[in-house]
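**Student:** Give me the fold of what follows.
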Amino acid sequence: MFACLLMIAGSMAFLPASAQSKMDGNEVLFTVNGQPVTKEEFLYVYKKNNPDKQGDFSEASLQDYLDLYINFKLKVMEARAEKIDTTEKVREELQKYGDQLIKSNFDKEVLEAAALKTYNQMKTERLVYHVMIMTDKNTTDADTTAIIAKLNAARARVVKGEDFGKVAREVSTDNSYPNDPGLVGWITTMQINDENFEHMAFSTAVGGISPVFKTRFGYHFVMVKAERPASGTVTVEHILVKTPKDAKPEQIAAAKMKADSLMGLLKNGAVFEDLAKTNSDDKMSAVNGGRLEPFGVGKMVYNFQEAAFALKNPGDITGPVQTSYGFHIIKLMERKPFGTYDEMKDEIKGKIERSGEYAKLRSDFVANVKTKYPFTENMDAKKAVYAMLDSSFLTGEWKMPNMESMQKTVFSIGDRKFTEEDLASYMELNQRANRDHTIDEKFGKLYDQAMEQTLIEYDLAARNIDFKRLLQEYRDGLPLFAMLEKKIWSKGSTDSTGLANFYEAHKADYMWPERVEATIYKVPDATTDKAVRKMAKKNVSDKDIMAKYNTDSTTVVTVKTGLYLPGQDSNVDNMNKTIGTGGDILNADGTITFVRINKVVPPTNKTLDEARGYVISAYQDYLEKQWIAELHAKYPVKVNEDVFKSMVR
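**Tutor:** Below you'll find the model as predicted:
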C-alpha cells in the first residue's frame, strides 16, 4: 500500500476534544481523548464481528462489545502515539495489504466491467484488410508527412471505387499475402498487438474504410470486409512438407508431390499420427503425432486457419493446403464453440492486465475522480520532497529523514490530504520497484503512482462502506498488532523474572489433579509374561528387565513407568487406581500387556516448566489488563449515553 494508507498520527484528521455530537451526519457514540467514534461505525463492526448476534441489540450485549471496542480504540491511539506505524516493517505491511485491498476492489468494479465488455466484443469476428506504410526510429517528420499524404491519396482511390487489392499491391509495404493483397484476416478483440489498430478494425462499419491512423508499426487505413459470430476454437493435427523461404518453382512442385503422396497413403488407410511422426517437417508437433494446441481465428496463417475451421467433424482430413511455410495436411480432432463468460473471464482479465488497457482504465478512473471531488496540488511541497533525494534513491537505498517539520500538503482530494511526509514515505518504500536512469524520471513515476492510488482509494471509500471500513481495520489493526507484539506478547514469553514472579503468585492455579504412578509391561508371549511378572514382583528395575530380553537391534519387551491422568491410557484406567498388578491383556498382534499401579499421587503444583504455556498466556492477559487500565487513566473516554440507548432494542 502507499503512504496515504500509512496515515501516521501527524497526518490523521483528529477532531478536537470538543467534538460535536454529530460528525459527517453521524451521531458520535463515544470519544477517546477527543477522537470521535460514530454510532454508524460501532454498529458496523458490531454486526460484522458478531454474526451469531445479528438480532441481539440488548443493552447487555451492546455494552459488552462497547467495552471491547473502547479498549481497542485506546490501544490504537497508543500505537499511533508511540509512532509504531512509522517503523519500516509496519509501513511495508500497511502498503502490502492496502495495495491488495485497493486492487481487489478496483478490479471488482472496473476490470470486471471491462472484461465483460471485451467478452461481448469477442462474440464477433471481422475480416480485415489494410494498407500500411511501415515506419521506424529513422523516420523523420518530413517522411511522416509524406507517408500520411500518400495513404490519404490511396484511401481516396478506394473510396472512389478502385479495387482495394490493386491499391494495396501498389502502396502497402505489407506483402504477407501476395495473392490477396492487404489481407490481415479474421480477427477478434484483444488479438492484434496494437490498441489503435484494434479500435479502428472494430469501430469501422462493415464494408467501410477507416481514416488513416498510426500504430507502433507505422501508418494504416483498414477496410472491414465482413463480420460473423465467433468461431470458437479447433484442435487439429497436421503434417507439414516444408518449402524454403525463397523456394523455386521446382522445389514447390516437389513439396506438393510429396504432400499428395502422403495424402494418398492416408486415403488408403495409413495412420495419420504415424505419418506425422515420420514425415512432418514441423518437428515440434511431429513427436505428438502432429497435434497442435487449440487455437481460434487469427492465431495461424490465414490459409491454414480457414482450412482448419472448414472441417466439420472430428477425423475429417483436408489438404494439401499451401501456406508460406509449405504444404499442410490437416486433421480435425475437436472443435469447441465460443466459451461462456465464466469460462473465459480469467483469461480476458489477465490479457487486459498485461496490456496497456489496464493502465488506461486506471488513468481514466483517476481523471474522473479529479472532476468529482475538489483536487489541488502544491508544486512547492512536491519540489521540497524531490530536493531531499540523492543518488542513493536510484540504487534503492535512500532513507527518509526526520519529517516532523515536513507536513505541508502535496496534493489533496476532497478532505484527504497527502503530505510531504506521506510522499517521502512512499518514495522510500517503493524506490526498489523502479530501475530508472535519473532521479527525475524515477520520482515522477512514483509520484504519479502515489497520486493515482490515493485518488482511487478515496473514491472507492466514498462509495463503498465495506471497503472503507476494511481499509480502516488494516490501518488500525496492523500497527496495533505490532504494538501488542512489543508490549504484551514478546514480553510475556521473554520476561523470565516477571513470568517467574507471576507464577509464584498464582501457582495454586496450576495444579495436577490426582494421578497414578503406573508401569506398563508389553511382552511377546505367555512364557515371557510369566518370567517378567516374577521380576516385577521382586521390584527389578525397568532398565534391568529390558536389558535381559532386548538387544541393540531387537526389542522383545517394553517397560514404561510414568504418571497417568484419567483418560490417558485405558489399560491404566481399568485398574481403578488399585495398587498392584493387573491381569493379562491380549493384544491384536498376539503380544500381552499387563499394568502395575505403584501408587496414587495426590494433587500437586505443576512446576513452571510444566505449566509454562498456560502461565505465559495468563501473564500476557495480566499485562494487557494492566496496560488497558493505564490507557484509561491516560486517555479520557466519554460515552454519549443517549446515543448508546438509542441502539438498544
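**Student:** How about residues contacting stretch 177-186?
**Tutor:** Contacts to stretch 177-186, defined as CB atoms under 8 Å, 6 or more residues apart in numbering, come from residues 125-131, 164-169, 172, 174-176, 201, 222-223, 228, 231, 297-298, 302, 305. For glycine as for every other residue, the C-beta is placed from the backbone atoms N, C-alpha and C.
**Student:** again, 6 Å this time
**Tutor:** Stretch 177-186 is contacted by residues 125, 127-131, 165, 168-169, 172, 297, 302 when judged by CB atoms under 6 Å, 6 or more residues apart in numbering.
**Student:** okay, and for the stretch 1-150 of the chain, where does confidence drop off?
**Tutor:** Across the stretch 1-150 of the chain, the stretches falling below the confidence threshold (pLDDT under 70) are 1-25.
**Student:** Give me the buried entries from the contacts of stretch 177-186.
**Tutor:** Listed as buried from those are 125, 127-131, 165, 168, 172, 297, 302; burial here means 16 or more other CB atoms under 10 Å.
**Student:** Would you convert those into TSV that also reports secondary structure and distance to Asp509?
**Tutor:** As requested, those are arranged in TSV below (DSSP: H, G, I helix; E, B strand; the rest coil; distance: CB to CB, whole Å):
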residue	secondary structure	distance to Asp509
Glu125	strand	76
Leu127	strand	83
Val128	strand	81
Tyr129	strand	87
His130	strand	84
Val131	strand	89
Gly165	helix	94
Ala168	helix	91
Ser172	coil	90
Val297	coil	76
Tyr302	helix	83
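**Student:** Out of those, which comes closest to Glu457?
**Tutor:** Compare each of those with Glu457 using CB to CB and the shortest gap goes to Glu125, at 39.2 Å.
**Student:** list the contacts for that closest one?
**Tutor:** With CB under 6 Å, 6+ apart as the criterion, the residues that contact Glu125 are 186, 188, 228, 230, 297.
**Student:** what two of those residues are the furthest from one another?
**Tutor:** Thr188 and Arg228 (10.7 Å).
**Student:** The two - which one has more neighbours?
**Tutor:** Summary of the neighbour comparison: Thr188 and Arg228, criterion other CB atoms under 10 Å, with Thr188 having more neighbours (23 against 11).
**Student:** surely that one meets Met122?
**Tutor:** Yes - using CB atoms under 6 Å, Thr188 and Met122 qualify as a contacting pair, with a distance of 5.1 Å.
**Student:** Going toward the C-terminus from the helix or strand hosting Val369, what's the next helix or strand?
**Tutor:** Val369 belongs to helix 356-372 when elements are defined using DSSP states H and E. Counting by DSSP H and E, the element after helix 356-372 in chain order, helix or strand, is strand 375-377.
**Student:** Tell me the buried residues in that following strand?
**Tutor:** Quick answer for strand 375-377 (16+ other CB under 10 Å): Phe375.
**Student:** list the helices and strands it packs on?
**Tutor:** Of the remaining helices and strands, those touching strand 375-377 by 3 or more CB pairs under 6 Å, 6 or more residues apart in numbering; DSSP states H and E are strand 409-413.
**Student:** between the strand it packs on and helix 356-372, how big is the angle?
**Tutor:** On the basis of axes from the mean of the first three to the mean of the last three CA atoms, to 10 degrees, strand 409-413 is oriented at 90 degrees to helix 356-372.
**Student:** buried ones in strand 409-413?
**Tutor:** 409-413.
**Student:** and if you look at stretch 499-507?
**Tutor:** Going by neighbour count (16+ other CB under 10 Å), the buried part of stretch 499-507 is 499, 502-503.
**Student:** Report the rounded mean pLDDT for that stretch.
**Tutor:** Summarised as a single mean, pLDDT over stretch 499-507 is 94.
**Student:** which residues touch it?
**Tutor:** In this structure, residues lying in contact with stretch 499-507 by CB under 6 Å, 6+ apart are 605, 608, 615, 619.
**Student:** Quickly name whichever of these is closest to Ser425.
**Tutor:** Tyr619 (35.7 Å).
**Student:** what's the burial count for that closest one?
**Tutor:** For Tyr619, the count of nearby residues is 22 (other CB under 10 Å).
**Student:** how far is the helix or strand where it lies from where the chain is centred?
**Tutor:** Tyr619 belongs to helix 612-634 when assigned by DSSP H and E. On the basis of CA atoms, centre = their mean, to the nearest Å, helix 612-634 sits 36 Å off its chain's mean C-alpha point.
**Student:** cool, stretch 406-415 as well?
**Tutor:** Mean C-alpha position of stretch 406-415 versus that of the full chain (CA atoms, centre = their mean) differs by 30 Å.
**Student:** pull the CA atoms of it into CSV?
**Tutor:** Extracted as CSV, the C-alpha positions of stretch 406-415 are listed here (Å, rounded to 0.1, in the frame of the first residue of the first chain):
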residue,chain,number,x,y,z
MET,A,406,7.6,18.5,6.6
GLN,A,407,3.8,18.4,7.0
LYS,A,408,2.7,20.6,4.1
THR,A,409,0.0,19.2,1.8
VAL,A,410,1.5,17.9,-1.5
PHE,A,411,-2.0,17.2,-3.0
SER,A,412,-5.5,16.8,-1.7
ILE,A,413,-8.6,15.1,-2.9
GLY,A,414,-11.8,16.1,-1.1
ASP,A,415,-10.9,16.1,2.6
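**Student:** how much space between the residue nearest to the spatial centre of the chain and Arg469?
**Tutor:** With distances taken as CA atoms, centre = their mean, the residue of the chain nearest its centroid is Gln100 (6.9 Å). To Arg469, Gln100 is 16 Å away according to CB to CB, to the nearest Å.
**Student:** Then Met388?
**Tutor:** Computed with CB to CB, the distance linking Met388 and Arg469 is 35 Å.
**Student:** Make TSV from the contacts of Glu125 and add pLDDT to it.
**Tutor:** As requested, the contacts of Glu125 are arranged in TSV below (pLDDT from 0 to 100):
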residue	pLDDT
Trp186	93
Thr188	91
Arg228	94
Ala230	93
Val297	90
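**Student:** which one of those is nearest Ala81?
**Tutor:** Within the contacts of Glu125, proximity to Ala81 (CB to CB) peaks at Thr188, which comes in at 58.2 Å.
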